[in-house]
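**Q** this one's structure only:
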């Protein structure tokens, strides 16, 4: 039982959380959740036996905000496809560029940061793309994160969860 996890689904079968089996069993016994699938094994109490829950579903709907990616170099590079936002050249040696320079009031945000190769970043320098006569290939924006993004890491160990996590088939094919 130690180390075993359970997938918690919202009332509409959307992945909500991953918790340990003991917490999942408490939710079920208190009437807050129902067992959808069980794992191999049982938990023994003084006078009862309980099957280990693997997937549980909440009886009521839990509202939660959409997940957001942290703003980091790696995530900006991934959003831009590991290529320069100005010339489109793919490179492992990229730099971050503020579209509107910070000293001119530009913010350090998703819609003002792009990846740039070193030659393009030096050519643009402390100017805006219009002043440097350079064009952005795509307009920078905050990437949308799929709701199931955080659950894909568990699919290797818990294959039975794949049918409850949208996009699991794509993740298996990519690995």
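**A** Looks like it came in fine. Here the structure is a predicted model, which is why all the values come from computation and not from measurement.

**Q** What residues sit buried inside whichever helix in the chain runs longest?
**A** The helix that spans the most residues within the chain, counting by DSSP state H, is helix 21-29. For helix 21-29, a neighbour-count test (16 or more other Cβ atoms under 10 Å) marks 21, 23, 24, 25, 27, 28 as buried. In this view, the C-beta of every residue, glycine as well, is placed from N, C-alpha and C.

**Q** Start and end of stretch 11-25, how far apart?
**A** Its first and final residues considered, stretch 11-25 spans 17 Å by Cα to Cα, to the nearest Å.

**Q** Number of residues surrounding residue 13?
**A** The number of residues packed near residue 13 is 14, by other Cβ atoms under 10 Å.

**Q** Let the chain start at 16 from now.
**A** Sounds good: first residue 16 from here, last item residue 28.

**Q** Does it touch residue 179 like I think?
**A** Yes - at 6.6 Å, residue 28 and residue 179 qualify as touching, with contact defined as Cβ atoms under 8 Å.

**Q** Show the residue spans covered by the strands in this structure.
**A** For the chain, the strands defined by DSSP state E cover 20-24, 30-35, 48-59, 64-73, 109-113, 128-132.
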